[in-house]
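# The following comprises the amino acid sequence and a computationally predicted model.
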Amino acid sequence: MSTTVKLTPEEIRDLSLKVLSHSGYGPDHAAAIAEMLTTCQLDDCQSHGLFRLFMCAQTKQAGKIDGHAEPVLEPSDNAIVRVDAQGGMSLLAFQKALPVLIDKTRTHGIAAMAINRCFHFSALWPEVESLSSAGLAAMAMVPSHSWVAPAGGTRGSLGTNPLAFSWPRMGKDPFTFDFATSAFARGEIELYKRAGKPLPEGVAIDKDGNPTTDPQAAMDGAMLTFGSYKGSALSIMIELLAGPLIDDLTSLESMEFAEGTGGAPYHGEIIIAFDPNQFSGGKAEANDARAERLFADILDQGARLPSQRRFAARAQNHQRGYAEIPEQLHTDLLALLV
Ligand code: NDP
Ligand code: PYC
């Protein structure tokens, strides 16, 4: 078993802030990114916790991101909240537009945030959960880089394209899921490579189109979508809704924009929020009980709800006051400060 290092929430935030400011991010971006990484690490989300500091540092080194960009919120009188990240990381733009999205959703029943011109490295569940904690249901989608072959194809056209959804539950943690539409997230393949572990079958093909379980061959070849043509179609939908629909880049275009420089993809993001009270004609409480009946029936069979592991990890880490990361990861992160 590999050795681990215990980090308190303050140590996670502090390490993140140090690496981000050393890499050249301004204080506002560093704070927003550090908050996201701390939140993810405390829920034991290993692929998008502290590990993502490497991607953030590489993105800055690649020279295309503006580490001090000020997002600009465009005024609108409809249900669309458009925020231009101005070539910075997505998170400050999301933070700036969130209160407007909540207000517009309560006014119109449904509203959407379109973030444009952002670099994007992060998990989506904290964003949809910031809406479910306000009593709204929400979904979020982003493209990435064209690492993923469509079902039946042999080369990367699609991104790893995560889809996240959160449903508010009265007095309980929300029902949330958040996963890549590729069989594995790119970050997960990178973690397999670091651990020297082979991938399961069905995750990737090598550059000659043959199935591979070797993480490096997978990254040099093409990743596969989950669920064959079904995951592939969902992934294409995400390309369209978070790309051309909002006047932003697809994963193919993001890859071209990067010109081989590495780091986080550059594109847009869409977040759609729904007000259960408005949709149900003021009967959200009665309908919450009906949703709970469904959850109870699922749990009754011994199945688990998505995010249940994460909420348990959160409770454990908060109770003991630390999260654990592999010692080698900690050493490699400290090396980013040299
Ligand atoms: P996983 O496959 O690890 O898990 C995805 C979801 O499925 C989680 O909500 C998880 O809940 C749930 N889940 C897992 N196992 C079960 C089970 N047996 N029963 C019920 N639910 C289950 O996610 P990925 O590796 O695909 O993605 C990880 C993260 O990477 C996501 O947060 C995503 O947003 C991010 N990502 C970001 C990208 C970007 O471009 N910004 C691109 C791709 C991914 P639990 O957490 O409780 O296990
Ligand atoms: O893990 O696939 C991934 C990913 C892409 C961009 C950020 N994370």
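Received it, and whenever you're ready, just let me know what you need. Keep in mind that what you see is a predicted model, and the values were worked out from it rather than measured. Ligands and ions are numbered 1, 2, ... in the order given.
# Quick check: residues of the stretch 51-200 of the chain near ligand 1?
120-125, 142, 144, 160, 162, 164, 177-180, 185, 187-188 (C-beta under 6 Å from any ligand atom). In this view, the C-beta of every residue, glycine as well, is placed from N, C-alpha and C.
# which ones are touching residue 166?
Neighbour list for residue 166: 125, 128, 129, 131, 132, 137, 138, 139, 174, 175, 176 [criterion: C-beta atoms under 8 Å, 6 or more residues apart in numbering].
# center of this structure - which residue?
Closest to where the C-alpha atoms of the chain average out (C-alpha atoms, centre = their mean) is residue 123, at 2.1 Å.
# where does the chain have low pLDDT?
Low-confidence segments of the chain (pLDDT under 70): 1.
# hmm, who's touching the helix ranked longest in it?
Longest helix in the chain by number of residues (criterion: DSSP state H): helix 90-108. Contacts to helix 90-108, defined as C-beta under 8 Å, 6+ apart, come from residues 28-29, 32-33, 35-36, 69-71, 73, 79, 81, 83-85, 111-113, 115, 118-120, 122, 127, 130-131, 134, 136, 269, 271, 273-275, 278.
# Could you identify the buried members of those?
For the contacts of helix 90-108, a neighbour count by 16 or more other C-beta atoms under 10 Å gives the buried set as 28-29, 32-33, 35-36, 69, 71, 79, 81, 83-85, 111-113, 115, 118-120, 122, 127, 130-131, 134, 136, 269, 271, 273-275, 278.
# Narrow those residues to those in helices?
Assigned to helices by DSSP H, the following of the buried ones among the contacts of helix 90-108 qualify: 28, 29, 32, 33, 35, 36, 127, 130, 131, 278.
# residues in contact with the fifth one?
This means residue 35. Neighbour list for residue 35: 13, 91 [criterion: C-beta under 8 Å, 6+ apart].
# now the one 10 residues further on
Listed by C-beta under 8 Å, 6+ apart, the contact set of residue 45 reads 123, 125, 310.
# let's see 7 Å
When contacts are counted by C-beta atoms under 7 Å, 6 or more residues apart in numbering, residue 45 touches 123, 310.
# Phi first, then psi, for it.
Per-residue torsions, residue 45: phi -90, psi 90 (degrees, to the nearest 10).
# how much space between it and ligand 1?
Between residue 45 and ligand 1 the computed distance is 6 Å (C-beta to the nearest ligand atom, to the nearest Å).
# cool, residue 110 as well?
Per C-beta to the nearest ligand atom, residue 110 is found 22 Å from ligand 1.
# ok, what's across the strand from the closest residue to that residue other than its chain neighbours?
Leaving aside its sequence neighbours, residue 110 sits nearest to residue 274 (C-beta to C-beta, 6 or more residues apart in numbering; 5.4 Å). Per DSSP bridges, the residues bridged to residue 274 are residue 110, residue 137.
# got the contact list for residue 274?
105, 110, 136, 137.
# Narrow those to just the buried residues.
105, 136, 137.
# related to what we said a few turns ago, closest to ligand 1 among the contacts of residue 274?
Ranked by distance to ligand 1 (C-beta to the nearest ligand atom), these are led by residue 137 at 15.5 Å.
# Now do the closest one against residue 67, distance only.
Distance of residue 137 to residue 67, computed by C-beta to C-beta, to the nearest Å: 34 Å.
# what's the answer for residue 157, then?
For residue 157 relative to residue 67 (C-beta to C-beta), the value is 30 Å.
# just residue 250 next, same as before
Per C-beta to C-beta, residue 250 is found 25 Å from residue 67.
# cool, residue 200 as well?
For residue 200, the distance to residue 67 equals 37 Å [C-beta to C-beta].
# And for residue 194?
Counting by C-beta to C-beta, the gap from residue 194 to residue 67 is 26 Å.
# if I look at the closest residue to residue 248 other than its chain neighbours, how far off is residue 84?
In space, and not counting its chain neighbours, residue 248 is closest to residue 268: 2.9 Å by C-beta to C-beta, 6+ apart. When distance is defined by C-beta to C-beta, residue 268 is 10 Å away from residue 84.
# what do those two both touch?
By C-beta under 7 Å, 6+ apart, the residues touching both residue 268 and residue 84 are residue 116.
# Just the C-alpha atoms of the helix or strand that contains residue 240, please, in CSV.
Element membership for residue 240 (DSSP states H and E) is helix 228-241. Output in CSV follows, covering the C-alpha atoms of helix 228-241 (Å, rounded to 0.1, in the frame of the first residue of the first chain):
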residue,chain,number,x,y,z
SER,A,228,-21.0,2.8,-26.9
TYR,A,229,-23.3,4.8,-29.2
LYS,A,230,-25.4,6.1,-26.3
GLY,A,231,-22.4,7.8,-24.5
SER,A,232,-21.2,9.0,-27.9
ALA,A,233,-24.5,10.7,-28.7
LEU,A,234,-24.6,12.4,-25.2
SER,A,235,-21.0,13.6,-25.8
ILE,A,236,-22.0,15.1,-29.1
MET,A,237,-25.0,16.8,-27.5
ILE,A,238,-22.6,18.4,-25.0
GLU,A,239,-20.3,19.6,-27.8
LEU,A,240,-23.4,21.3,-29.4
LEU,A,241,-25.0,22.8,-26.2
